[in-house]
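> Sequence first, then the predicted structure:
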Amino acid sequence: MAANTFHLAWFLQGSSIQAWGQEWTGNISEEWMSAEMFLDLARSLERAAFDYLLLEDSIYIGQNWQNKRDMFLKNGMSVPRQEPSVIASLMLAATRRIGIVPTLSTFAYHPYLTARIVGTLDQISAGRAGWNMVTGSSDYSGQNFGLDRLPEHDLRYEMAAEYIEVVTKLWDSWEPGAIVADRKTGVLIDPERVHTIDYKGQYYASRGPLNSGPCPQGRPVIAQAGGSAKGRATAARYADTIVAHPKGIDGMKDYRQDVRTQMRGIGRDPDSCKTLFMVYPILARTASEARALADERRTDAARNIDRRLAQLGWMTNIDFSGCDLDAPVGELSTNGHQSSLAGFLRKAGKNTLREAIIDYSSAGACVDLVGTPEMVADQMDEVMQEVGGDGFLIALPNVSRRSVAEITEGLVPALQQRGLVRTTYEHQQFRDNLLAY
Ligand SMILES: Cc1cc2nc3c(=O)[nH]c(=O)nc-3n(C[C@H](O)[C@H](O)[C@H](O)COP(=O)(O)O)c2cc1C
């Protein structure tokens, strides 16, 4: 592989009626339950040799607009959402090499259950499962599980550290070679090599061992996305891959350097965790067509300000419906996704809420990528050269078989021709591919 080769992953915002009301989405509103479109997506990404597909999850229906669900239900915003581990197993059955990473939130699944679900996914896929570790952000999601509210932001990360300890200890509860399957003696499993963990922490406890048995990867891949100080510290300690959305090249560089420095500080090899930066490429046959599409995104944001603010409110746990659109955004705080709110506020500066939300929702996550596949491939090359690695997390607001093909059949071949991404997988298992370069 060339020195500047990078990784690609895909961020799927749940399996649901994606891109409701948008063009080229076929009969998704009738066919979504079967998940066939999402299986086609997984197959296409595997053909393009992506490292992994990450399935987002949130476990509640948004109510962050006028304190009602109407905006979210009427527009199909993050609803309906299917259980990601079920869709992940279908995706793994439909593919052979790509990693599949469902999101399992720490407040909703006991760590034993997470270890068992992700461990089972790893088994049925011969070592291609991952877990997106999130701590949640909305009290509405906590209320679905009998909590009045989620714990305070930093405490959630403290609890998450303990949670991950339990999960990894359970994965380690089977020593390699524990299944001896000796036909002569009739012994299937060597009892000496399967251990209780007897974990009793401040927040979680589990006896173990894991009854589902050992994982082909030993420990499945852990993905993490927290951008706050606590979030990054957690990622530096435990993550194999980070999905991040800092704004601009300097933000990306700082984020990656910070995590790598922290990893060195705790004795981890910084190359053992790959940070992927979220982007929404806008592709077209010509540069001017691509520019027009980007302008359309801005016009669309200006036309649908309520919807965009509701979406930001969903992410940041704030109801913006009572705010004056033509007043400066001012100070805001959240017990939800802190770095998402910080990114919005930094970009907003002294702008009005109206200007700020239009800018925020028409920008391309970490950096803007707009042009023909060749132009965007060159832009991605330049960004990676400046940031230093490790790759991109592609997210599209209009997931359809057509928009997926623009990436897998247009952009990826242009990247491959430049030697910037792989053309075939090096290994059978997910982590081995992630760490192959
Ligand atoms: C690419 C990406 C994917 C994420 N996926 C999820 C998700 O599926 N579920 C969720 O509750 N939070 C998700 N988050 C939010 C993070 O878990 C985290 O709460 C957020 O980045 C803010 O982190 P902070 O509170 O440490 O700033 C995601 C964030 C990013 C950047």
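Thanks, I have it.
> what ranges do the helices span in the stretch 101-250 of the chain?
111-124, 139-143, 153-171, 229-238, 248-265 (DSSP state H, counting those that start in this stretch).
> how big is the angle separating the first one from helix 153-171?
Between the direction of helix 111-124 and that of helix 153-171, the angle (axes from the mean of the first three to the mean of the last three CA atoms, to 10 degrees) works out to 50 degrees.
> what do you get for the last one?
Using the same axes, to 10 degrees, one finds that helix 248-265 and helix 153-171 are set 50 degrees apart in direction.
> Spell out which parts of the stretch 151-300 of the chain neighbour the ligand.
Taking CB under 6 Å from any ligand atom as the criterion, the stretch 151-300 of the chain approaches the ligand at residues 153, 225, 226, 227, 228, 231, 243, 244, 245, 278. From N, CA and C alone the C-beta is placed, and that goes for glycine too.
> among those, which are in strands?
Within these, membership in strands is found for 243, 244, 278, as judged by DSSP state E.
> and of these, the nearest to the ligand?
Distances from the ligand to these, taken as CB to the nearest ligand atom, are shortest for residue 243 (3.7 Å).
> measure the closest one to residue 255 for me?
For residue 243, the distance to residue 255 equals 11 Å [CB to CB, to the nearest Å].
> Same check on residue 156?
As defined by CB to CB, residue 156 lies at a distance of 20 Å from residue 255.
> got the buried residues for the worst-scoring helix or strand of the chain on mean pLDDT?
Taking all helices and strands of the chain together, the one with the lowest average confidence (mean pLDDT, DSSP states H and E) is helix 338-348, at a mean of 84. Applying a neighbour-count criterion of 16 or more other CB atoms under 10 Å, one finds 338, 339, 340, 341, 342, 343, 344, 345, 347, 348 buried in helix 338-348.
> Let's have the residues you listed in CSV, adding distance to residue 190.
What follows is those, written out as CSV (distance: CB to CB, whole Å):
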residue, distance to residue 190
338, 47
339, 46
340, 48
341, 51
342, 51
343, 51
344, 54
345, 56
347, 57
348, 60
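> filter these down to the ones close to the ligand.
Of the entries in the buried residues of helix 338-348, those that also sit close to the ligand under the rule CB under 6 Å from any ligand atom are 338, 339, 340.
> Residue 73: which of these is nearest?
Distance from residue 73 was checked for each of these by CB to CB. The minimum falls on residue 340, at 22.7 Å.
> now the closest residue to residue 11 other than its chain neighbours: how far from the ligand?
Sequence neighbours aside, residue 395 is the residue nearest to residue 11 in space, at 4.0 Å (criterion: CB to CB, 6 or more residues apart in numbering). Distance of residue 395 to the ligand, given as CB to the nearest ligand atom, to the nearest Å: 7 Å.
> Same question for residue 270.
Relative to the ligand, residue 270 is positioned 20 Å away (criterion: CB to the nearest ligand atom).
> Without its sequence neighbours, what residue ends up closest to that residue?
Excluding its sequence neighbours, the residue lying closest to residue 270 (CB to CB, 6+ apart) is residue 260, at 3.8 Å.
> Also residue 374?
residue 414 (5.2 Å).
> That neighbour and residue 379 touch, don't they?
No. With contact defined as CB atoms under 8 Å, residue 414 and residue 379 do not form a contacting pair (10.8 Å).
> Tell me how many other residues crowd the residue nearest to residue 374.
Close neighbours of residue 414, defined as other CB atoms under 10 Å, add up to 19.
> List of residues touching the host helix or strand of it?
Element membership of residue 414, judged by DSSP states H and E, is helix 412-417. Defining contact as CB atoms under 8 Å, 6 or more residues apart in numbering, one finds that helix 412-417 is touched by 8, 48, 49, 373, 374, 376, 377, 380, 421, 422, 423.
> Please flag which of the residues you listed sit within helices.
When DSSP state H defines the helices, the subset of these inside them is 373, 374, 376, 377, 380.
> any idea how far the fourth one is from residue 413?
Read that as residue 377. Counting by CB to CB, the gap between residue 377 and residue 413 amounts to 9 Å.
> swap in the first one?
Counting by CB to CB, the gap from residue 373 to residue 413 is 7 Å.
> Identify the residues contacting the most centrally placed residue in the chain.
Among the residues of the chain, residue 54 comes closest to the average C-alpha position under CA atoms, centre = their mean, at 4.8 Å. Applying CB under 8 Å, 6+ apart, one finds that residue 54 lies in contact with 9, 10, 11, 12, 101, 103, 130, 132, 223, 243, 393.
> Checking my notes, it in a strand, right?
Yes. Going by DSSP: H, G, I helix; E, B strand; the rest coil, the assignment for residue 54 places it inside a strand.
> Domain map for the chain?
By the record's domain assignment, the chain is partitioned as 7-280+368-434, 287-362 (automatic domain parsing).
> Alright, calling it a day.
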